[in-house]
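In: fold the following, please.
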Amino acid sequence: MITNKYKIRASIIFLLFCIIYVMIAFNLYFIQIRHTNFYMQLGAQQYNVTRTQAPPRAPIYDRTGAHPLAVNQDCVSAFILPNAVESPDTLYPFLQEHFPQAYEHILQHKHKHFMYVKRKLTKEQQKLICNHNITDIHFLSEPHRFYPIEAAAPIVGLTDIDNNGLVGIELSCNKQLAGTPTTFCLEKDARSGQFYFKKETKVTGEHGTPITLTINNDLQFLAHEAVKKTVEQFGAQEGCAIVMNPKNGEIVAMVSYPHFDPNNIEHIDIDTTRNHVISDAYERGSVFKIFTALAALEEGAVQIDELIDCKNARTTYIDGRKINTWKAQGAIPFKDVIALSNNIGIAIVAKRLDDLLYEHYTKLGFGEKTGIQLPGEHKGFLNPPWEWSKQSIISLSYGYEVSSTILQLARAFCVIANGGYLVTPQIIMNRNAPPHDNKQLYRTETLGIIKEILEHTTQQGTTRYARIPGYRIMSKTGTANLLVNGIYQNNKNLYTCAGIVEQGTYSRVIVTCIKESTRKNVFASTVAAPLFRIIAQHAIIHDRIV
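Out: Below is the predicted model:
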């Protein structure tokens, strides 16, 4: 009887072990065979960690390569671990008082693993946190962009808090500067999460490529200071200037004022991030008379010394359209029509051209983008013949019904300066780029006459304040009324001076512009022309031209 009971118990125990064995085998079958992929992925999540590391952002240099315009610096940021706060009674009141945005954020996201309190802390903010000894706030070092030359900000641009380009070269060349990140796969201790056993590179990144601009650091600063001083002296809204090499289109200086401080992103007025040299297109007035003259001379519609009857009046009518000019003149040589900036005389000559004037404006690049490697370029406007009224040919002759940027104006003057070739403006150094188009747009004889007229205008005409003794200065000014709500405002003006500086083989095109002076009785000849002279002097001295 005892033996039978022993056998029954042994059988039951054996059966239980068999059932357990079957269950284990069945479970192992599901784990290792049926659901192997699931558990492999689960294990990988515990042991394998993927990390992405971005390379340092590449620097930006001026044309010499010796002066950085954008570099990397380490900054200090503060962060907390909301789901692991140890002293909320100390942390929350501190955040509420000194970092209210972070306080509101942590109240809404208490279960997050990581949260920034503030990035790019100032020295004062770092000291504040340290003095309060808030143990839940931790510091980390992050790379950020630093811009040594504030005057170059409208060109270089800036990046956001994560080092992504926002404006300027930083935006247009963002991929080139940022490079590509490297992706690592790490095997770690699943329990502590602190020890790494294996590191494998899954995707190999590339460092960003440095960029060298065509601008000269020193001349950029000097031109900026000159524009700033003129804007302040005349109580103007804004000012800009450009210095360009007409032989290859390289921009040596490009100033837009007021500008922004790229190292203080929190207090930037978005309007100041615009580069007015390329983004603002305006009707520029009498400076366009030189292009009407260029077209008329090229087409044989006028001769340099031909007498043009300017009606000896300040107001007259042509084809029933009223024309005003600043000073009454009678019959004067054509070169004096330009030098003395007579609206009546230039309109009479433009009538001989009719829609050929539009073709020449188009040939000079007006109404289209220049192709510069900067974002935000305006293409301007050129009224086509099929949209003309009786007034249009008259208006076009002295710079209305055509709007241009300062860059477009400078490129058109490059055609006069370099022998008749259209250049593509260059802001990024590229020594392999062709200097200009191969097609000569104007005859050498025509360009020689235009230069003579421009020089005559500078010596004896409206741009005499642009003269520099010992150098060949060829310039033209324009004072234009600004259009506001469809009405031209006599008290809101744009003052422009464009011209060429020559000495031997040396040549530079310079354009200056000042917008809306609060002073009375000022003209481009007294505002923009003196600014032209100052910047030209800086360029000559800097380039050691004697």
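In: for Ser475, helix, strand, or coil?
Out: strand (DSSP: H, G, I helix; E, B strand; the rest coil).
In: could you grab the helix/strand/coil label for the nearest residue to it once chain neighbours are set aside?
Out: Of all residues not flanking Ser475 in the chain, Gly499 sits nearest, at 2.7 Å (C-beta to C-beta, 6 or more residues apart in numbering). For glycine as for every other residue, the C-beta is placed from the backbone atoms N, C-alpha and C. Three-state assignment for Gly499 (three-state DSSP): strand.
In: who does Gly499 bridge with?
Out: In this entry, Gly499 is beta-bridged to Ser475, Ile510, by DSSP bridges.
In: that one and Glu455, how far apart?
Out: Using C-beta to C-beta, to the nearest Å, Gly499 is found at 10 Å from Glu455.
In: distance of Glu445 relative to Lys451?
Out: From Glu445 across to Lys451, the span is 11 Å (C-beta to C-beta).
In: have a look at the two and say which one is more surrounded.
Out: Lys451 (16 against 10; other C-beta atoms under 10 Å).
In: quick one: contacts for the closest residue to the more buried one other than its chain neighbours?
Out: In this structure, Lys451 finds its nearest non-sequential neighbour in Met474, 5.4 Å apart by C-beta to C-beta, 6+ apart. Met474 makes contact with 416, 451, 454-455, 457-458, 499-500, 502, according to C-beta atoms under 8 Å, 6 or more residues apart in numbering.
In: which residues do Gly499 and Glu455 both contact?
Out: With C-beta under 8 Å, 6+ apart as the test, Gly499 and Glu455 both reach 473-474.
In: between those two, who's got more neighbours?
Out: Neighbour count, other C-beta under 10 Å: between Gly499 and Glu455, Gly499 has more, with 30 against 21.
In: quick check, Gly365 in contact with Leu422.
Out: Yes: under the criterion of C-beta atoms under 8 Å, Gly365 makes contact with Leu422 at 6.2 Å.
In: quick check: the residue positioned nearest the centre of the chain vs Tyr147, distance?
Out: Nearest residue to the geometric centre of the chain (C-alpha atoms, centre = their mean): Gly168, 2.9 Å. Separation of Gly168 from Tyr147 (C-beta to C-beta) stands at 10 Å.
In: intersection of neighbour lists for those two?
Out: Taking C-beta under 8 Å, 6+ apart as the criterion, Gly168 and Tyr147 both touch 153, 156, 158.
In: which residues touch the first one?
Out: If you count contacts by C-beta under 8 Å, 6+ apart, Ala153 has them with 147, 168, 259-262.
In: let's see it at 10 Å
Out: Residues near Ala153 by C-beta atoms under 10 Å, 6 or more residues apart in numbering: 69-70, 147, 167-168, 224, 256, 259-263, 268, 272-273, 275.
In: what of the last one?
Out: Under the criterion of C-beta under 10 Å, 6+ apart, the contact list for Leu158 reads 70, 145, 147, 165-171, 260-265, 268, 273.
In: among the residues you listed, name the ones in helices.
Out: Under the assignment DSSP state H, the contacts of Leu158 contribute 168-171 to helices.
In: list the contacts of Met23.
Out: Contacts of Met23 by C-beta under 10 Å, 6+ apart: none found.
In: state the mean pLDDT of the helix or strand hosting it.
Out: Assigning secondary structure by DSSP states H and E places Met23 in helix 2-29. Helix 2-29 comes out with an average pLDDT of 72.
In: report the beta-bridge partners for Tyr61.
Out: What pairs with Tyr61, by the bridge criterion (DSSP bridges), is Pro68, Thr212.
In: I'd say it and Leu213 touch.
Out: Yes: counting by C-beta atoms under 10 Å, Tyr61 touches Leu213, with 6.9 Å between them.
In: what residues are shared contacts of those two?
Out: Applying C-beta under 10 Å, 6+ apart, one finds that Tyr61 and Leu213 are jointly contacted by 67, 69-70, 429.
In: by neighbours, which of these wins?
Out: Neighbour max across the shared contacts of Tyr61 and Leu213 (other C-beta under 10 Å) = Ala70, 28 neighbours.
In: what about it, distance to Val255?
Out: The spacing between Ala70 and Val255, counted by C-beta to C-beta, is 18 Å.
In: got it, and Tyr317?
Out: The gap separating Tyr317 from Val255 is 42 Å, by C-beta to C-beta.
In: now the ones in helices among the contacts of Leu158 as TSV including distance to Pro82?
Out: Listed next are the ones in helices among the contacts of Leu158 as TSV, based on distance: C-beta to C-beta, whole Å:
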residue	distance to Pro82
Gly168	36
Ile169	38
Glu170	33
Leu171	34
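In: got a winner among these for most neighbours?
Out: Per-residue neighbour counts (other C-beta under 10 Å) across the ones in helices among the contacts of Leu158 peak at Glu170, which has 27 neighbours.
In: thought that one was touching Asp160?
Out: Yes: with contact defined as C-beta under 10 Å, Glu170 reaches Asp160; the gap is 9.5 Å.
In: can you show me the helices along the stretch 1-150 of the chain?
Out: For the stretch 1-150 of the chain, the helices defined by DSSP state H, counting those that start in this stretch occupy 2-29, 36-47, 88-98, 100-108, 123-132.
In: can you redo those as a markdown table with distance to Ser77?
Out: What follows is these, written out as a markdown table (distance: least, C-beta to C-beta, whole Å):
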| stretch | distance to Ser77 |
| --- | --- |
| helix 2-29 | 48 |
| helix 36-47 | 28 |
| helix 88-98 | 15 |
| helix 100-108 | 12 |
| helix 123-132 | 10 |
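In: which of those sits closest to Glu401?
Out: Glu401 sits nearest to helix 100-108 of all these, at 50.2 Å, using C-beta to C-beta.
In: now do the closest one against helix 88-98, angle only.
Out: Interaxial angle, helix 100-108 versus helix 88-98 (axes from the mean of the first three to the mean of the last three C-alpha atoms, to 10 degrees): 140 degrees.
In: chain center to helix 100-108: distance?
Out: Averaging C-alpha positions (C-alpha atoms, centre = their mean, to the nearest Å) puts helix 100-108 35 Å from its chain's average.
In: for it, packing partners?
Out: Judged by 3 or more C-beta pairs under 10 Å, 6 or more residues apart in numbering; DSSP states H and E, helix 100-108 is in contact with strand 68-80, helix 88-98, strand 115-118.
In: quick one: mean pLDDT over that helix.
Out: When pLDDT is averaged over helix 100-108, the result is 83.
In: what's the angle from it to strand 68-80?
Out: Helix 100-108 runs at 40 degrees relative to strand 68-80, counting by the same axes, to 10 degrees.
In: in helix 100-108, which residues are buried?
Out: 102-103, 105-106 (16 or more other C-beta atoms under 10 Å).
In: which ones are touching Asp305?
Out: Residues near Asp305 by C-beta under 10 Å, 6+ apart: 333-336.
In: for the residues you listed, give me TSV that also has secondary structure and distance to Tyr488.
Out: Converted to TSV, the contacts of Asp305 look like this (DSSP: H, G, I helix; E, B strand; the rest coil; distance: C-beta to C-beta, whole Å):
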residue	secondary structure	distance to Tyr488
Pro333	strand	30
Phe334	helix	27
Lys335	helix	29
Asp336	helix	27
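In: pick out the most distant pair among the residues you listed.
Out: The most widely separated members of those are Phe334 and Asp336, with 7.2 Å between them, by C-beta to C-beta.
In: between these two, which contacts overlap?
Out: By C-beta under 10 Å, 6+ apart, Phe334 and Asp336 have these common neighbours: 304-305, 307-308, 345, 453.
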